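J.: Output the structure for:
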Amino acid sequence: MYNAFFDYLKKYSSKPLSGEDKAMIRRNFTPLRLKRKEYFLQAGDICMDYGFIVKGAMRMYSVDDKGLEHVVRLGLEEWWMGDRESFFNRTPSRYHIDALEPCELLIVKKEGDAELINSIPAYTEMEMKLYQAAEIANNKRLTSSLTDTAGKRYADLIERYPAFAVRFPQHIIASYLGISKDTLSRVIRNNKLK
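T.: Just a heads-up that it's a prediction; the model follows:
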């Protein structure tokens, strides 16, 4: 499991990992397995761990007063999952996070994350690049939800993340895009006719 994370770090950092760095990562990350539909976090709880997905698919969502789910994040292998606000500020989360497939994660606590940022240059570089990428992705997603048609949002999502169409059910993708599952079905049907 750890080798998958070390390979991932190489993609995001030009700085090599020493044997001591790897040992520190092993000390601060703990393996966790989730069964399908098992929660990683439930709304109202404080997010005590942040997870790196080694294997599996997850979603992060809120539930409104009418009981409707609103998916805010999806995650696959080599993605991170957790509620950043709750994790860093130690506040109760508004979100549920669960496994849509059996998952294997490496999880880190806030103190461990801080120790790694302060001690391992490769980890620090990876964190900076991830925060930048997340900011850009969030801005694009917000702008798209305000200005693009459902068809364009779906096409852009599948072009950027083709595995989503295979790994996530349509109703989950529809919720993530902020559209109804009927609208998504219509978009997919119209794309097939072209």
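J.: CA only for contacts and neighbour counts going forward, please
T.: Will do.
J.: Glu115: how many residues sit nearby?
T.: When neighbours are counted by other CA atoms under 10 Å, Glu115 registers 14.
J.: my read: Ile172 touches Leu68, true?
T.: No. With contact defined as CA atoms under 8 Å, Ile172 does not count as touching Leu68 (11.6 Å).
J.: Neighbour count for the two, which is higher?
T.: Neighbours per residue, other CA under 10 Å: of Ile172 and Leu68, the larger number sits with Ile172, 20 against 11.
J.: hang on, that one is in a helix, isn't it?
T.: Yes. According to DSSP: H, G, I helix; E, B strand; the rest coil, Ile172 belongs to a helix.
J.: which residue packs closest to it, ignoring adjacent ones?
T.: Nearest residue to Ile172, sequence neighbours excluded (CA to CA, 6 or more residues apart in numbering): Val71, at 6.9 Å.
J.: The one you found is in what secondary structure piece?
T.: Remark: Val71 resides in strand 69-75, with elements defined by DSSP states H and E.
J.: The helix or strand following that strand pairs with which strands, and in what direction?
T.: Scanning forward in sequence from strand 69-75 by DSSP H and E, the next helix or strand is strand 80-81. In the sheet, strand 80-81 lines up against strand 49-55 (antiparallel) (DSSP bridges).
J.: So what angle separates the directions of the helix or strand just after the strand it pairs with and strand 69-75?
T.: Counting by DSSP H and E, the next helix or strand C-terminal to strand 49-55 is strand 58-63. For strand 58-63 against strand 69-75, the angle by axes from the mean of the first three to the mean of the last three CA atoms, to 10 degrees is 160 degrees.
J.: Strands along the protein, start to end?
T.: Counting by DSSP state E, the chain has these strands, from start to end: 29-34, 39-41, 49-55, 58-63, 69-75, 80-81, 96-99, 103-109.
J.: Please name whichever of those strands is nearest to Val187.
T.: Nearest of those to Val187, taken as CA to CA: strand 69-75 at 18.9 Å.
J.: can you pull the buried residues of the closest one?
T.: 69-71, 74-75 (16 or more other CA atoms under 10 Å).
J.: quick one: the closest residue to Leu17 other than its chain neighbours and Glu135, what's the gap?
T.: Spatial nearest neighbour of Leu17, chain neighbours left out: Ala122 (6.8 Å); criterion: CA to CA, 6+ apart. As defined by CA to CA, to the nearest Å, Ala122 lies at a distance of 20 Å from Glu135.
J.: more neighbours, these two?
T.: Taking neighbours as other CA under 10 Å, Ala122 and Glu135 compare with Ala122 leading, 21 against 12.
J.: pLDDT wise, what is that one at?
T.: Ala122 is assigned 95 on the pLDDT scale.
J.: before we move on, what about Lys194?
T.: pLDDT, Lys194: 55.
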